[in-house]
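Q: Predicted model follows, preceded by the sequence.
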Protein chains: 2
Amino acid sequence: MIVTNKEVKALFPEFEPALWASIEHEGTIKEIPAGNIIMRTGQFIRSTVLVLEGLIKVYRTDDDGNEFFMYHLGPGQACALSMTCAIGQQTSQISAKTSKDSVVLQIPIEKMDEWMGEYRSWYQFVVQTYRSRFDELLQTLDSIAFRHMDERIEFYLKRHRDKLGTNTIPVTHQEIAQELNSSREVISRLLKKLAERGKIKLSRYHIEILDL
Amino acid sequence: MIVTNKEVKALFPEFEPALWASIEHEGTIKEIPAGNIIMRTGQFIRSTVLVLEGLIKVYRTDDDGNEFFMYHLGPGQACALSMTCAIGQQTSQISAKTSKDSVVLQIPIEKMDEWMGEYRSWYQFVVQTYRSRFDELLQTLDSIAFRHMDERIEFYLKRHRDKLGTNTIPVTHQEIAQELNSSREVISRLLKKLAERGKIKLSRYHIEILDL
DNA sequence: TGTTTATGGTGATTAATATCACTGTACCAC
DNA sequence: GTGGTACAGTGATATTAATCACCATAAACA
């Protein structure tokens, strides 16, 4: 696959031509089917990942195997952690998994620093990435710090709707429970209440958002 | 006060001489007594803040006036948000308050971008700052996502000990409750249990860490 | 000195969430 | 078809945290 085709370029409109040339030279395209864990806590980071297609779930895990959803990366977005990790060759603090069949562009971490000085558009992209991820993380923090579980579920569903671009979220109660670090029963009951209030419609394997 | 005296330089040993010259020219020293709110959610950010002395508490607030502690900034550290905000002239998503009498070095945000290209040591400092703040935020997230209140209190006390460099934490139960977004009664009871287990010693206005 | 205020201790109650136990049901593999 | 399995619903109970009410004490102050 040619790295810098028209569709890919459209995802990063601000990149300058010289940067695209470097990407063409250094980047690797990788296709990853849905459900693949592409990064695990403690793993060394060797490349920065830009998402071209699909959806990647970024989450935190603890020692007991619990998970906690942080945010999604969609086309045109990048992992901030894999950018900061670059310098010290440090290990990842988070895990990431493909939610849909995805295509990513990998760039060797050595290029990160190089391009920061070389290409203004790269520098701006990186800073923008830091900011966006930080903001999303703050939203997640708000949700868990200040909101009850029912509101957190609403927030979770809204986020998924926005990322998926559809009102039908393909997710099981068990998955929601895992990503919010709760239990299936609690989620089931609260979802039922949301359904009774007409906010969502429940079905097996998916939830339809009616009015959130 | 002279900006770049020996003590200040020791806080940022990696800064190159040319960068110090620019800081001398563009930076402003500001002394801020303890208890001052130096940044509020929604406020415009006009300068990047490097901490020279004292301690700054960075926290999140919600619409109902609740607070949630994120992390501290001590001497040699900087606010990551005020660095990313630079580009878009955006507003702050967080609040910050001096916990001790503090001295900070303010740098106009316009210089941020300029110096990133110009001084390698500045670039590295900024990236390091992003990473550190992100990491600390992840720790905070872990704590609230995976731990019960008693463990969160322990984590809170440990963090304060490390930042203050002393086993005696000058804090009231009410303050802890606010920063963990809980209530005084709950904190009091859990602190008592920690005291019974010999982990801390309670006194009016302060808590002594014995064995955490 | 007496009064006010902030701190913190504690019992009782309620609310939110977690856990356990069990049921039904759709779907998949054989 | 039949049996296994993942998904979902629900009652009962336990645990954790929040709220309410009230008291005691030390510090601050008029």
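A: In hand now; what should we look at?
Q: Now do the longest helix seen in chain A and helix B:120-146, the angle between them.
A: Looking across chain A with DSSP state H, the single longest helix is helix A:120-146. Orientation check (axes from the mean of the first three to the mean of the last three CA atoms, to 10 degrees): helix A:120-146 against helix B:120-146 gives 30 degrees.
Q: Now do the buried residues in the helix or strand that helix A:120-146 is followed by.
A: The first helix or strand that comes after helix A:120-146 along the chain, using DSSP states H and E, is helix A:149-164. Of the residues in helix A:149-164, A:150, A:152-157, A:159-161, A:163-164 count as buried by neighbour count, 16 or more other CB atoms under 10 Å in any protein chain shown. Glycine gets a C-beta too; all of them are placed from N, C-alpha and C.
Q: of those, closest to A:Glu179?
A: Checking the buried residues of helix A:149-164 against A:Glu179 by CB to CB gives A:Tyr156 as the nearest, at 7.0 Å.
Q: so A:Glu179 makes contact with A:Glu67?
A: Yes - at 6.2 Å, A:Glu179 and A:Glu67 qualify as touching, with contact defined as CB atoms under 8 Å.
Q: Give me the common contacts of these two.
A: Overlap between the contact sets of A:Glu179 and A:Glu67, as judged by CB atoms under 8 Å, 6 or more residues apart in numbering or on different chains, is given by A:Tyr59.
Q: How about stretch A:69-81 and chain B, touching?
A: Yes - using CB under 8 Å from any CB of the partner chain, we find that stretch A:69-81 touches chain B at A:70, A:80-81.
Q: worst-scoring helix or strand of chain A, pLDDT-wise?
A: With mean pLDDT, DSSP states H and E as the measure, the helix or strand of chain A carrying the lowest mean pLDDT is helix A:81-88 (a mean of 68).
Q: Filtering the residues of stretch A:69-81 next to chain B by proximity to DNA strand C, which remain?
A: The subset of the residues of stretch A:69-81 next to chain B within reach of DNA strand C, by CB under 7 Å from any atom of the strand, is empty.
Q: Closest one of the residues you listed to A:Ile169?
A: Among the residues of stretch A:69-81 next to chain B, and counting by CB to CB, the member closest to A:Ile169 is A:Met70, at 17.6 Å.
Q: how about the residues of chain A near DNA strand C?
A: Within chain A, the positions adjacent to DNA strand C are A:148-150, A:181-183, A:185-186, A:190, A:204 by CB under 7 Å from any atom of the strand.
Q: how does it look with 10 Å?
A: Within chain A, the positions near DNA strand C by CB under 10 Å from any atom of the strand are A:66, A:144, A:147-153, A:177, A:180-190, A:203-205.
Q: hang on, the earlier thing: anything in the helix or strand following the least confident helix or strand of chain A sitting right up against DNA strand D?
A: Moving toward the C-terminus from helix A:81-88, the next helix or strand (DSSP H and E) is strand A:95-98. No - against DNA strand D, strand A:95-98 shows no contacts by CB under 10 Å from any atom of the strand, the least distance being 15.0 Å.
Q: Just checking: what are the partner strands of strand A:95-98?
A: Applying DSSP bridges, strand A:95-98 is found paired with strand A:37-39 (antiparallel), strand A:56-61 (antiparallel).
Q: Format these as a markdown table; extra columns: mean pLDDT, distance to A:Ser47 and mean neighbour count.
A: Below are those laid out as a markdown table (pLDDT from 0 to 100; distance: least, CB to CB, whole Å; neighbours: other CB atoms under 10 Å in any protein chain shown):
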| stretch | mean pLDDT | distance to A:Ser47 | mean neighbour count |
| --- | --- | --- | --- |
| strand A:37-39 | 91 | 10 | 16 |
| strand A:56-61 | 96 | 14 | 20 |
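Q: Contacts only, for the closest residue to DNA strand D within chain A.
A: In chain A, the residue that lies nearest DNA strand D is A:Thr172 (3.1 Å; CB to the nearest atom of the strand). By CB under 8 Å, 6+ apart, the contact set of A:Thr172 is A:Tyr205.
Q: Right, I'll call it a day here.
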